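S.K.: This is the structure alone, sequence omitted:
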DNA sequence: GACGAATACTCGCATATGCCACTATTTTCA
DNA sequence: TGAAAATAGTGGCATATGCGAGTATTCGTC
C-alpha cells in the first residue's frame, strides 16, 4: 500500500499487523495479479495508441478478424476467450464506425461472419507503427526473452485445455 | 482459430497464408495475451466463487480494504492500478449492498476513506474457502512454482516503476 | 418426416473500466 | 497572505465484459 498514513487513527479498530495477518494469502491471488497487470498494460498501450483512434481491445479484435478472413462470431469469441454476447456488444461500435461488417453465413442461417472493411483495414494499418512502439517499450523494460516466456504462460492459461483441466472435465472427449 | 471452415469461400478475397503473412506479429501482442488470460481466469474463478455472491473483482477490492484498514480512495486506486473514477464506480454496488462504507477523512476534507463493514467482512470470510478452491485448482494445473513465477512477473508489470520506465520518465525524482 | 436436443446469436441487465470536465480543498510559492 | 498549482473526488459518457432468457436454426434420433 503506497504512502501509509492512515488508519489506526480511530477508524480501523485493529493494528496493522493483525489485519495483514488475518488475510495472509491476499497477495497470492492469480486472478487479482492478472487483472492488475492487464490494467497497467492496457493503460500504457492505450496511451501510445491514442493518436490512431483505436483502443488496444479494438485493435486486437481487428487483428484477429484480419488474420482469420471472415470468421464467424463463434470462432472469434472462442479465439479471443470472449463470451459471445460480449463479442456482440464489442463489435457494435466498430460496426457503427464502419470498421467491420456483419454478414450472414451462407451455410448456416444462425451464424454471422465478421468482415473487416477497407476503412477497418486502413485504420488497422495506421495503428501498426504505434503498436510496434508500445510493444518495443514493453520489451525494452521487461526483456524480450522474459516477454516471450510471459506470453507462452499466458497462452497456456488462455487455452481451452487449461479451462478443461481447471474444471476437472474429461479432456479425452 | 478453431474449426476453420470459412473463409476463402467468396468472402475474404485473399488466401489464408497471404492474410496471416500480412500481420506476422499479431500473436505477439503483450496486451492481447494478458487480456485473454485474464478473461479466462476471471471466468474460471468467478464460476467457483459464484455461491458466495462475490465476483473476483469485488473480492479483490474487499481483501485490499481489509488488509489496509481504512485506506483512502487514492491509496486504494493506486494499490489496485485502477483509475480513481473507476474505483468510485466499482465501490457503488458494494456500498449499496452494505459491504463497505465511505467516510470523510479527518485531516483532508477532499479525501474519503473506505471501511469494510461487518457484513463485508462476513462476506469476505465466507468467500475464503471458495477462493482457496479456485486457487488450488489453478496451481494444480499450472504448477505452484510456475504460478509463483507468473505472479512475480505480473507484479513487476503492475508496478509504478514499470510504468515510469515504459513511459521513459526519469525515475530518480 | 417429426420432434427434441443442441447450437448461434440477440437483448436486457448488470458490473468493470477509463477519460474528461468539474468542484472543493490543500499545498506551494512569491 | 493571497493566488496559482496541485490534488481528491464525482458525474457523465463511453467502451469492455458476462450472465441468463429468448428466438431461430441446425442436427441427431427414432
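M.R.: Sure, I can see it. Model, not experiment: these values are computed from the prediction.
S.K.: quick one: stretch A:66-76 near DNA strand C?
M.R.: Yes - Stretch A:66-76 is in contact with DNA strand C by CB under 7 Å from any atom of the strand, via A:72-74. Just so you know, the C-beta spots here come from the backbone N, C-alpha and C atoms, and that holds for glycine as well.
S.K.: ok, is stretch A:145-163 in contact with chain B or not?
M.R.: Yes - Stretch A:145-163 is in contact with chain B by CB under 8 Å from any CB of the partner chain, via A:146-147, A:150-151, A:153-159, A:162-163.
S.K.: Whether that stretch contacts DNA strand D - can you check?
M.R.: No - Stretch A:145-163 stays clear of DNA strand D (CB under 7 Å from any atom of the strand), getting no nearer than 10.7 Å.
S.K.: does that stretch come close to DNA strand C?
M.R.: No - judged by CB under 7 Å from any atom of the strand, stretch A:145-163 stays clear of DNA strand C, getting no closer than 13.5 Å.
S.K.: Only the buried residues of that stretch, if you could.
M.R.: A:147, A:150-151, A:153-154, A:157-158, A:162-163 (16 or more other CB atoms under 10 Å in any protein chain shown).
S.K.: Most neighbours among the residues of stretch A:66-76 next to DNA strand C, which one is it?
M.R.: Among the residues of stretch A:66-76 next to DNA strand C, the one with the most neighbours (other CB atoms under 10 Å in any protein chain shown) is residue A:72, at 22 neighbours.
S.K.: Start from the N-terminal end of chain A and give the helices.
M.R.: A:16-22, A:30-49, A:56-68, A:73-80, A:84-96, A:118-142, A:144-158, A:160-167 (DSSP state H).
S.K.: Any residue of the second one touching DNA strand C?
M.R.: Yes - using CB under 7 Å from any atom of the strand, helix A:30-49 comes into contact with DNA strand C via A:35, A:39, A:42-43, A:46-47.
S.K.: Most widely separated two among these?
M.R.: A:35 and A:47 (18.8 Å; CB to CB).
S.K.: Which of those two has more residues huddled nearby?
M.R.: Taking other CB under 10 Å, residue A:35 and residue A:47 do not tie; residue A:35 has more neighbours (23 against 13).
S.K.: got the buried residues for stretch A:101-119?
M.R.: Neighbour-count burial for stretch A:101-119 [16+ other CB under 10 Å]: A:101, A:105, A:112-117.
S.K.: Check stretch A:131-141 too.
M.R.: A:131, A:134-135, A:137-139, A:141.
S.K.: for those, which one is nearest residue A:20?
M.R.: residue A:141 (29.8 Å).
S.K.: can you pull the buried residues of stretch A:38-54?
M.R.: For stretch A:38-54, by 16+ other CB under 10 Å, it's A:38-46, A:48-49, A:52, A:54.
S.K.: quick revisit: from the residues of helix A:30-49 next to DNA strand C, pick the one nearest chain B.
M.R.: Closest to chain B out of these is residue A:39 (4.6 Å), distances taken as CB to the nearest CB.
S.K.: Can you report how many residues neighbour the closest residue to the closest one other than its chain neighbours?
M.R.: Spatial nearest neighbour of residue A:39, chain neighbours left out: residue B:81 (4.6 Å); criterion: CB to CB, 6 or more residues apart in numbering or on different chains. Using other CB under 10 Å, residue B:81 is surrounded by 20 other residues.
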